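1. Got a predicted structure plus its sequence, pasted below:
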Amino acid sequence: MAARVVTITSGKGGVGKTTLAANLGVALAMQGQRVVVVDADVGLRNLDVMLGLENRVVYDLVDVVEGRCRLRQALVRDKRLSEFFLLPAAQTRDKSAVQPDDMVRVCESLREQHDFVLIDSPAGIEQGFRYAVAPADEILIVTNPEIAAVRDADRVIGLIEAEEQDLAQLIINRLRPDMVRRGEMLDIADVVELLAIDLIGIVPEDKAILISANRGQPLAFSSDSSLAGRAFHNIARRLLGKDVPFITLHEPGVLERFFRFVRSGGD
Amino acid sequence: MSFFERLIGRRDKSSSGEVAKERLRLVLAHDRADISPALLDMLKDEIVTVISRHVAIDVESVQVTFSQSARETRLVADIPLLTRRGRRKR
């Protein structure tokens, strides 16, 4: 089977990788894909709580790698969806327990039963990052419109390009349109220009994300209730090859619309 | 931000968003090339020494900077020559 292995990474911590992995996984599964999300953050397991599956974890990634269980036994099935699974990270081990070859092998097995294997990478550019990107067919770089996050994203893009895995696409998370409007935040065009890679998603800052995490019920389950929920579904659709326009986060002014009209040749 | 700028949606040069962008532009150029500002200064000094051994240049105006297009980084040296007219002026 031709499953796609997609790694979600960022360099900097706290930009929303795990939230994206959870919500993108749910959105893809809701769109009929057979999805497994892999928590690659060994030692700092979190994808299980984001998905509300923490009480169902029996075995984990390191158990699979070290042969204490079969892969199928470690997969936690999410009963809210038809084909959605979690492969949890080990909590009491560290990143040295997994090698890039191990991840490649595990993903080869996962490809057989699924359409998408989403890997939630740990922060940083060390061992954890290395094994998380090793099996990837595609890489999603998550950043915030914020100076440190963009710098770290650039570093990660450089490392990926050095490996000639130039399949990275960008997700700008936690955009605050009100601040952008006042010139108090880097805007989408700035970040895309600086990082010079293709954009696949923009997710606005949304209180509903934290509230949904509190409940272990990713926002993507209710796709229409919020801008962020819609943004996750749009990214999923773009991954599936659909041409989905980006959400307009502000109303263009009269003159801006006029200039756009002129520039577009009036059509 | 002026009324006009707000109308066409352009940002004030002194806004913190614009400052962040300019700072990032420079930081990323240094990061990508793995050249620190100190190393850049040293390069500049050595380039000046080598070139002025053979031709007269306006040392004060020499600029060594990065130029960025997409993900390609270039080192650009702008070295004004002292033309006959310039030399006479000195």
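-> Cool, got the structure. This one's a predicted model, so the numbers in the text were calculated from it and none came from an experiment.
2. which stretches of chain A form strands?
-> A:4-9, A:35-39, A:76-77, A:84-87, A:116-120, A:138-143, A:168-175, A:198-204 (DSSP state E).
3. Point me to the residue of chain B nearest chain A.
-> B:S15 (3.1 Å; Cβ to the nearest Cβ). (C-beta placed from N, C-alpha, C; glycine too.)
4. Would you state the predicted confidence (pLDDT) at the residue sitting nearest the centre point of chain B?
-> Residue closest to the average C-alpha location in chain B (Cα atoms, centre = their mean): B:T65, at 3.7 Å. In this model, B:T65 is scored at 86, pLDDT.
5. next one: A:G253
-> pLDDT at A:G253 comes out at 56.
6. For chain A, which residues score under the pLDDT cut-off?
-> A:1, A:165-166, A:248-267 (pLDDT under 70).
7. For chain B, give me its nearest residue in the stretch 51-200 of chain A.
-> A:G183 (3.1 Å).
8. any idea how far that residue is from B:L28?
-> 21 Å (Cβ to Cβ, to the nearest Å).
9. Next up, phi/psi of B:S67, please.
-> Here is the backbone geometry of B:S67 (degrees, to the nearest 10): phi -120, psi 150.
10. what about it, how many neighbours?
-> Counted with other Cβ atoms under 10 Å in any protein chain shown, the neighbours of B:S67 add up to 10.
11. beta partners of it?
-> Beta-bridge pairing for B:S67 (DSSP bridges): B:R74.
12. What parts of the stretch 1-150 of chain A come near chain B?
-> A:146-147, A:150 (Cβ under 8 Å from any Cβ of the partner chain).
13. In TSV: these, plus neighbour count and distance to A:A132.
-> Formatted as TSV, the residues of the stretch 1-150 of chain A next to chain B follow (neighbours: other Cβ atoms under 10 Å in any protein chain shown; distance: Cβ to Cβ, whole Å):
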residue	neighbour count	distance to A:A132
A:E146	16	22
A:I147	16	24
A:V150	25	20
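14. can you tell me which of those residues are in helices?
-> A:147, A:150 (DSSP state H).
15. Give me the neighbour count for B:L39.
-> Count around B:L39 with other Cβ under 10 Å applied: 12.
16. three-state assignment of it?
-> Here B:L39 is recorded as helix under DSSP: H, G, I helix; E, B strand; the rest coil.
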